[in-house]
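1. when you get a sec, could you give me coordinates for this:
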Amino acid sequence: MKTVAEILQAKGDAVVHSIPPSASVYEAVALMAEKNVGALLVMEGEKIVGMVTERDYARKVVLMSRSSRDTPLRDVMTPAVIYVRPDQTTEDCMALMTQSRIRHLPVIDGARLVGLISIGDLVKSIMSEQTFIIEQLQSYISG
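-> Below is the predicted model of the structure:
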């Protein structure tokens, strides 16, 4: 079972995109579209104060008939951010995501943000591991 650190290493120098809580929802959605991501960390300096996702936009802005240009992120972000450590496994992350019904996990090492993993990153990693195991079993069986 791979660790979060191994997943981040495989991703390479992936940048974690963030935005301040004073930014508008429109700015957040525009940044998500520009960077082709589904979530942003909401940060004040080096401190994580929340997370905003496409789901937050759909449920807390569109369905509530709010203006995305006039609504600050602090009003719609998810303030309680669930995170993982680099030494945790893909299994730990999948269980946490399933239980919490979330798709993105910041990775914190001590007090430092070191990355962000998505459900897609986990699925890719798990599929890679399974493919390797299948190939090894086929090689063993065929001699």
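
2. ok, now how distant is the closest residue to Val29 other than its chain neighbours from Met51?
-> Distances taken as C-beta to C-beta, 6 or more residues apart in numbering place Tyr57 nearest to Val29, at 5.8 Å, with adjacent residues excluded. Where you see a C-beta, it was placed from the backbone N, CA and C, and this is true even at glycine. To Met51, Tyr57 is 12 Å away according to C-beta to C-beta, to the nearest Å.

3. which one's more surrounded, these two?
-> Met51 (25 against 20; other C-beta atoms under 10 Å).

4. report the contact partners of that one.
-> Taking C-beta atoms under 8 Å, 6 or more residues apart in numbering, we find Met51 in contact with Ala39, Leu40, Leu41, Val42, Met77, Thr78, Val81, His104, Pro106.

5. which of these lies closest to Gly120?
-> His104 (9.6 Å; C-beta to C-beta).

6. what's the single longest helix in the protein?
-> Assignment by DSSP state H gives helix 119-142 as the longest helix of the chain.
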